[in-house]
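# build me a structure from this.
(one chain, ligands or ions: 1)
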Amino acid sequence: MFGNNHLPEVLHLRLGVNIDHVATLRNARGGARPDPVQAARAAIEAGADGITAHLREDRRHIRDEDIARLKAEIPKPLNLEMAATQEMLAIALKTRPHAACLVPERREERTTEGGLDAAAQYNTLEPVVSELKKAGVMVALFIAAEPAQITTAARMGAPAIEIHTGSWCEAVAAADQRRAAAEWQRIAEGARLARRLGLEVHAGHGLDYQTAEHIAKLPEIVELNIGHFLVGEAVFVGLAQSIRTMRAAMERGRGNAVS
Ligand code: PXP
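Okay, here's the model as predicted:
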């Protein structure tokens, strides 16, 4: 409209707040407090675009009733992180979250970088992706930014991937610049490849204010899922403030988008 038609479209970057570790704190003492659903509502009021929760097979933090309450009580999309098992698929089909992110829970399901080994697990993952899609759930595969994993996700018909940012965040935190640069290049190239293949691109794991601001510069990425750091910061500044500061960091990064 203002002669900017040649510029790539930079989409809003959504923040999914993962409230698993509010449940970790609750479970440390038993009882009902702190309530992860109350945390989810507070996160939304402070600017979260959605809530992410991982119902693990061992139920170490989030429990079945938390998922049911989140779906019933929060006014924004619920993203259910889940293993690709028949038990979790049945829960997802009953709950009908807005989105589901398939994650590895067992060592043998993982690539060396920590995400799903989509190629090796194709026959297990594909039917779960297909069932969730049929139910209208937006499915993402949590994978490393490796070309083989990304092309497999596209071939499987997954509408989205979530790039595992853990190794990059670890390298940044350790001030290992050479490794951080290599991991960053892998993420940036992976995000571009995924978009070219028509996948929606999310990212998450280990992000803090600094790494979230940096990754927000990649215009291909439309959603960040962040949990542990925000809940940890909440100890010092409160959950609402940690989320507001995170949103501001993401907006700054997005304003400096690169392509
Ligand atoms: N995305 C996925 C798929 C995850 O499994 C997790 C961890 O539960 C996160 C994002 C959030 O990671 P963190 O708690 O390190 O911010």
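# which SS class is Val17?
Assigned by DSSP: H, G, I helix; E, B strand; the rest coil, the conformation of Val17 is strand.
# now do the contacts for it.
By C-beta atoms under 8 Å, 6 or more residues apart in numbering, the residues touching Val17 are 40, 43, 48, 50-52, 225-227, 230, 243. Where C-beta positions appear, they are placed from N, C-alpha and C, glycine not excepted.
# near the ligand, from these?
225-227 (C-beta under 6 Å from any ligand atom).
# closest to Ala173 among those?
Of all these, the one sitting nearest Ala173 is Ile226; the distance, using C-beta to C-beta, is 14.7 Å.
# per-residue confidence at that closest one?
Turning to Ile226, the model gives it a pLDDT of 98.
# which residue is the nearest non-sequential neighbour of it?
Take Ile226 and drop its neighbours on the chain: the residue closest to it by C-beta to C-beta, 6 or more residues apart in numbering is Leu207, 4.9 Å away.
# try Glu200
Leaving out its chain neighbours, the residue that sits closest to Glu200 by C-beta to C-beta, 6+ apart is Ala160, at 3.9 Å.
# give me the beta-bridge partners of the one you found?
With DSSP bridges applied, Ala160 shows beta-bridge pairing to Ala140, Glu200.
# what does the stretch 151-259 of the chain have sitting close to the ligand?
Residues of the stretch 151-259 of the chain lying near the ligand by C-beta under 6 Å from any ligand atom: 162, 204-207, 225-229.
# export these as JSON lines, with columns for secondary structure and neighbour count.
Written out in JSON lines, the entries for those read as follows (DSSP: H, G, I helix; E, B strand; the rest coil; neighbours: other C-beta atoms under 10 Å):
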{"residue": "Glu162", "secondary structure": "strand", "neighbour count": "30"}
{"residue": "Gly204", "secondary structure": "strand", "neighbour count": "27"}
{"residue": "His205", "secondary structure": "coil", "neighbour count": "23"}
{"residue": "Gly206", "secondary structure": "coil", "neighbour count": "19"}
{"residue": "Leu207", "secondary structure": "coil", "neighbour count": "28"}
{"residue": "Asn225", "secondary structure": "strand", "neighbour count": "26"}
{"residue": "Ile226", "secondary structure": "strand", "neighbour count": "27"}
{"residue": "Gly227", "secondary structure": "coil", "neighbour count": "24"}
{"residue": "His228", "secondary structure": "helix", "neighbour count": "15"}
{"residue": "Phe229", "secondary structure": "helix", "neighbour count": "19"}
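# quick revisit: does the residue nearest to Ile226 touch Leu230 like I think?
No - no contact is recorded between Leu207 and Leu230 when judged using C-beta atoms under 8 Å, the distance being 9.1 Å.
# show me where the stretch 151-259 of the chain dips below the pLDDT cut-off.
Within the stretch 151-259 of the chain, the stretches with pLDDT under 70 are 259.
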